[in-house]
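Q: Predicted model follows, preceded by the sequence.
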Amino acid sequence: MKTTLRTCLAAAACLMAVVGAQAQDFPSKPIRIVMGFPAGGPLDQHARLLSDRLQTELGQPIIMDYKPGAGGTLGAQDVMKAPADGHTLMIANTGVMVINPAIYPKLPYQTLRDFTPIARTAMQPLALLVSNSMPAKTLPELISYAKANPGKVNFGSAGNGGISHLVPEMLKSAAGIDMMHIPYKGSAPAFTDLIGGQVQFMAESIPQAAAYHKQNKVRALAVTSKERNPALPEVPTAIESGLKGFEVVGFYGFLAPAGTPKPVVDRLSKAFQKVMENPELRERMVSQGANPDFMGADTFAKFLASEMPRWADAVKQSGTKMD
């Protein structure tokens, strides 16, 4: 028994020494950030903005690796199977982390089982928009109009199961109204029909929404964040407009494969925190429509655990399922 105990203690000590050595030597080679979407989109812009300074902070080159497909699932699978040494990370959005697990019954990954959260880096509020042909000038007026005209208000989205689909579903539930969903293949054609009046309502990310609102092509009624957005300072929040507790924002974050040593996770998390303290970087993030909002590894893990059932409820209400 004593021999067995000594053997176990020795093995544990060796393991701790190996982990300690890994953390001390980390990073020992370039860090690969996997992007599950095509280059050029908002998530890619965010990753590139951070990686420029991250490689200085970590002392190793940052390599962007694009694995687009299946709503970010292909990229997630790639990271899930990578060595858990901190040299492969995934940048992901709300869809990849918390919506996909609720929509895809046969999803090959589970966020909190197969990944180690590293850092949340940004929150991305949306604007609630109506066509100029709609009589509603405020969110309460839209809700009243929808209640007086059940089933006659429609809303467009960038596609089934995305955040622009689920936020209106959450609004329907919170306000007790009925609206018909019209899915599009991307936000651009949906915006075209919103401007033209074929679609009456949309929920869209702030930069694009603010641009069309300021051009008087659509009307922004509210934003979904807790506080007003600098890009639309005159537009109230949904909470200010009477929807108590209605705070729904997308978010960006970085994750590593499950089993990544804690010292390595902490090193990466602190590096992201340091990078995000830069005032110029924070200003550029805001200009891209992402509000700087750092969250360390442990807190980010708890945040994800709390967000998953919330979005799962929205998916259930919408009736959306993907093969």
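A: Good, I have the coordinates. Numbers count the residues shown, from 1 in each chain.
Q: and residue 306, how many neighbours does it have?
A: Per other C-beta atoms under 10 Å, the neighbour tally for residue 306 reads 10. (Each C-beta comes from the backbone N, C-alpha and C, glycine too.)
Q: elements contacting the helix or strand hosting it?
A: Under the criterion of DSSP states H and E, residue 306 resides in helix 297-318. If contacts are counted by 3 or more C-beta pairs under 8 Å, 6 or more residues apart in numbering; DSSP states H and E, helix 297-318 sits against helix 100-103, helix 111-114, strand 115-131, helix 163-175, helix 262-275.
Q: Show me the contact partners of the helix or strand just after the longest one.
A: Following strand 115-131 in sequence order, the next helix or strand is helix 139-148 (DSSP H and E). Residues from elsewhere that reach helix 139-148, judged by C-beta atoms under 8 Å, 6 or more residues apart in numbering: 128, 130, 134-136, 152-153, 175-179, 201, 221-222, 236, 238, 241-243.
Q: Show me the strands paired with the next helix or strand after helix 139-148, marking each as parallel or antiparallel.
A: Using DSSP H and E, the helix or strand that follows helix 139-148 towards the C-terminus is strand 154-157. Note on strand 154-157: by DSSP bridges, its sheet partners are strand 180-183 (parallel), strand 201-205 (parallel).
Q: the inter-axis angle of the last one versus helix 163-175?
A: Going by axes from the mean of the first three to the mean of the last three C-alpha atoms, to 10 degrees, strand 201-205 is angled at 120 degrees with respect to helix 163-175.
Q: Name the next helix or strand downstream of strand 201-205, please.
A: Downstream of strand 201-205 (by DSSP H and E), the next one is helix 206-214.
Q: Now that following helix: average pLDDT?
A: Mean pLDDT, helix 206-214: 87.
Q: mind listing what's buried in that helix?
A: For helix 206-214, burial by neighbour count (16 or more other C-beta atoms under 10 Å) applies to 206-210, 212-213.
Q: what residues does that helix touch?
A: With C-beta under 8 Å, 6+ apart, helix 206-214 has contacts from 42, 124-127, 129, 187, 191, 195, 218-220, 223, 229, 231-232, 235, 287-289.
Q: Can I have the buried ones of those residues as a ChimeraX selection?
A: In ChimeraX, this line selects whichever of the contacts of helix 206-214 come out buried by 16+ other C-beta under 10 Å:
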select :42,124,125,126,127,129,187,191,195,218,219,220,223,229,231,232,235,288,289
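Q: Return the helix or strand in this structure with minimum mean pLDDT.
A: Every helix and strand of the chain was ranked by mean pLDDT, DSSP states H and E. The lowest is helix 2-25, at a mean of 54.
Q: continuing past it, what's the next helix or strand?
A: strand 31-35.
Q: Check which helices and strands the helix or strand that that following strand is followed by sits against.
A: The first helix or strand that comes after strand 31-35 along the chain, using DSSP H and E, is helix 42-58. Counting contacts by 3+ C-beta pairs under 8 Å, 6+ apart, helix 42-58 is packed against strand 31-35, strand 62-66, strand 88-93, strand 115-131, helix 262-275, helix 279-287.
Q: Point out where this protein drops to low pLDDT.
A: Applying pLDDT under 70 to the chain flags the ranges 1-23, 323.
Q: sorry, back to before: return the most buried member of the strands paired with strand 154-157.
A: Mean neighbour count, computed with mean count of other C-beta atoms under 10 Å, is highest for strand 201-205 among the strands paired with strand 154-157, reaching a mean of 25.
Q: CA atoms only: put that strand into CSV for me.
A: Extracted in CSV, the C-alpha atoms of strand 201-205 (Å, rounded to 0.1, in the frame of the first residue of the first chain):
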residue,chain,number,x,y,z
PHE,A,201,-38.7,44.9,-38.8
MET,A,202,-35.1,43.7,-38.3
ALA,A,203,-32.5,43.2,-35.5
GLU,A,204,-29.0,44.0,-36.8
SER,A,205,-25.5,44.7,-35.6
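Q: Figure out how far that strand is from the centre of its chain.
A: Centroid separation between strand 201-205 and its chain, computed with C-alpha atoms, centre = their mean, to the nearest Å, is 16 Å.
Q: go on, stretch 101-110?
A: Remark: stretch 101-110 is offset 16 Å from the chain centroid, using C-alpha atoms, centre = their mean.
Q: in that stretch, what counts as buried?
A: For stretch 101-110, using 16+ other C-beta under 10 Å, the buried residues are 101-104, 107, 109.
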